[in-house]
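Chemist: Turn this into a model:
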Amino acid sequence: MPATAPLPLLLLTLAAAAAGFVNALAGGGTLITFPALLAAGFPPVAANVTSTLALAPGYLGATFAQRRDLGAQGGRLAVLLPPAAAGGFAGALLVLRGSERAFTALVPWLILVAALLLALQEPLRAWLLRRRPATTTGGAARGGGAWPAALPVAVAAVYGGYFGAGLSVIVLAVLGVTIDDRLTRLNACKQAIAFAVNIAAAACFAVSGRAAWDAVAAMAIGALAGGALGGRLAARLDPRVLRATVVLLGIALGLYYLRR
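Modeler: From the prediction side, this is the model:
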């Protein structure tokens, strides 16, 4: 793709910084970067590819931050990460091999679904806190209890590779229903799964020729900086307010693109 002009590149970097900040506190950063790339004139598929590549490094940081809760889940991750990566790669292929017109028609609905999933995040966590036990079951480390989650995780991962916003909500719901463990450990497992999905999709997108690499590089730096700032301010800000703001933004953008 041709080089992005300096002013749009600066604005995209700021949008990515906002997305990284939001992801560190509440999630839903794609609802900022993807519309920003559309507004900058990127075709929808190229915008999706570029957004995924730019935000992918942030998932590594989030996963690393929860390494303590992942430490005893090697068996579980061995079961769930391969279908997650396969699903993410398959979803990315669907984007690349489908028509631009079809993806463009889906854009408003993808944004609205992502906003809905983000809105459900807090009620889902509250439900899981009531449902999950306070202690860890013996099968957690061995991974024996993870097999019922493998197929649902793979299906969710296809969506994650195709668009991605709200994937964490779906995965956490799947894990909460199929695996008997503490919410903190399920949340860490969810983060590792989201990382696998996004890295697999990013690997597919990276060789597609559809990415604007100057925008990817600038936005990745912005997203990492925003994520670091969000991590520092996490104790001072209410994520519910930020999440509600992103949900309302997503609904407004989805309705706007639907009317267009």
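Chemist: In the chain, where is pLDDT below threshold?
Modeler: 1-3, 132-144, 234-235 (pLDDT under 70).
Chemist: what about the helices in the stretch 101-250 of the chain?
Modeler: Taking DSSP state H, counting those that start in this stretch as the test, the helices found in the stretch 101-250 of the chain are 121-131, 139-142, 147-162, 167-178, 183-206, 213-233, 239-259.
Chemist: For Ser99, find the nearest of these.
Modeler: Set against Ser99 and scored by CB to CB, the helices of the stretch 101-250 of the chain come closest in helix 147-162, at 13.7 Å. For every residue, glycine as well, the C-beta is placed using N, CA and C.
Chemist: and Ala56, how many neighbours does it have?
Modeler: Neighbours of Ala56 under the rule other CB atoms under 10 Å: 23.
Chemist: try Asp180
Modeler: Asp180, neighbours per other CB under 10 Å, totals 15.
Chemist: Quick check: phi and psi at it.
Modeler: phi -100, psi 100 (degrees, to the nearest 10).
Chemist: Equivalent analysis for Gly29, please.
Modeler: Per degrees, to the nearest 10, the backbone of Gly29 is at phi -60, psi -30.
Chemist: measure the residue nearest to Gly61 when sequence neighbours are not counted to Ala54 for me?
Modeler: Excluding its sequence neighbours, the residue lying closest to Gly61 (CB to CB, 6 or more residues apart in numbering) is Gly227, at 6.2 Å. Counting by CB to CB, to the nearest Å, the gap from Gly227 to Ala54 is 12 Å.
Chemist: Neighbour count: the two, which is higher?
Modeler: Between Gly227 and Ala54, counted using other CB under 10 Å, the more crowded position is Ala54 (32 against 27).
Chemist: just the angle between the helix or strand where that one lies and helix 183-206, please?
Modeler: For Ala54, the element it lies in under DSSP states H and E is helix 44-65. Here helix 44-65 runs at an angle of 140 degrees relative to helix 183-206 (axes from the mean of the first three to the mean of the last three CA atoms, to 10 degrees).
Chemist: now for the helix or strand just after helix 44-65, which elements pack on it?
Modeler: Moving toward the C-terminus from helix 44-65, the next helix or strand (DSSP H and E) is helix 67-70. In this structure, helix 67-70 packs against helix 183-206, with contacts taken as 3 or more CB pairs under 8 Å, 6 or more residues apart in numbering; DSSP states H and E.
Chemist: Just the buried positions in the helix it packs on, please.
Modeler: The neighbour-count check on helix 183-206 (16 or more other CB atoms under 10 Å) flags 183, 185-202, 204-206 as buried.
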